[in-house]
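Asker: Just the structure for this:
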Amino acid sequence: MAIRQPRYSKEEFAQRGDALYDSQIRSQVEEGNHGKIVAIDIETGDFEVDASEIAACDRLEVSHPDAQIWMVRIGSRHVRRFGGRTKKST
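Answerer: Purely as a prediction, here's the structure:
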């Protein structure tokens with residue numbers, strides 16, 4: 001299996017992924033998919049949605065084997081969170 005090499009700097013990779021999500025994808029996926037993952041090929045704009053990061057990426061790679069994949073969790077600014085968080089008291 002060949003190792004895929006990034007073709008963009010980290011900054012450009014993130015900018016392209018976020019721009020595609022905000023301008024073209026968000027309106028198509030937000031309703032009814034809160035918390036799911038969107039895997040986006042930042043070169044083609046094609047995407048897959050799934051509760052599993054791996055499943056979304058695997059499906060995207062079937063049609064785009066050389067995809068440069070950016071992931072977004074629908075309804076969140078983060079795909080993953082490290083560390084604890086404080087619960088709000090009601």
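Asker: Low-confidence stretches in the protein?
Answerer: Filtered on pLDDT under 70, the chain yields the residue ranges 1-4, 80-90.
Asker: At the geometric centre of it, which residue sits there?
Answerer: Residue closest to the mean C-alpha point of the chain, counted by Cα atoms, centre = their mean, is M71 at 1.6 Å.
Asker: distance of it from P65?
Answerer: For M71, the distance to P65 under the criterion Cβ to Cβ, to the nearest Å works out to 17 Å. All C-beta spots, glycine's among them, are computed from the backbone N, C-alpha and C.
Asker: Number of residues surrounding I37?
Answerer: I37 has 21 neighbours, counted by other Cβ atoms under 10 Å.
Asker: That one touches F47, doesn't it?
Answerer: No: I37 lies out of contact with F47 (Cβ atoms under 8 Å); the separation is 10.0 Å.
Asker: ok, which stretches of this protein are strands?
Answerer: In order along the chain, the chain carries the following strands (DSSP state E): 37-41, 47-50, 69-73.
Asker: Give me whichever of the ones you listed is most buried.
Answerer: Among those, ranked by average contacts under mean count of other Cβ atoms under 10 Å, first place goes to strand 37-41 (a mean of 24).
Asker: Which strands or helices does that one pack on?
Answerer: strand 47-50, helix 53-63, strand 69-73 (3 or more Cβ pairs under 8 Å, 6 or more residues apart in numbering; DSSP states H and E).
Asker: Swap in 10 Å and give it another go.
Answerer: Here strand 37-41 is seen to pack against helix 10-20, helix 26-29, strand 47-50, helix 53-63, strand 69-73 when contacts are counted using 3 or more Cβ pairs under 10 Å, 6 or more residues apart in numbering; DSSP states H and E.
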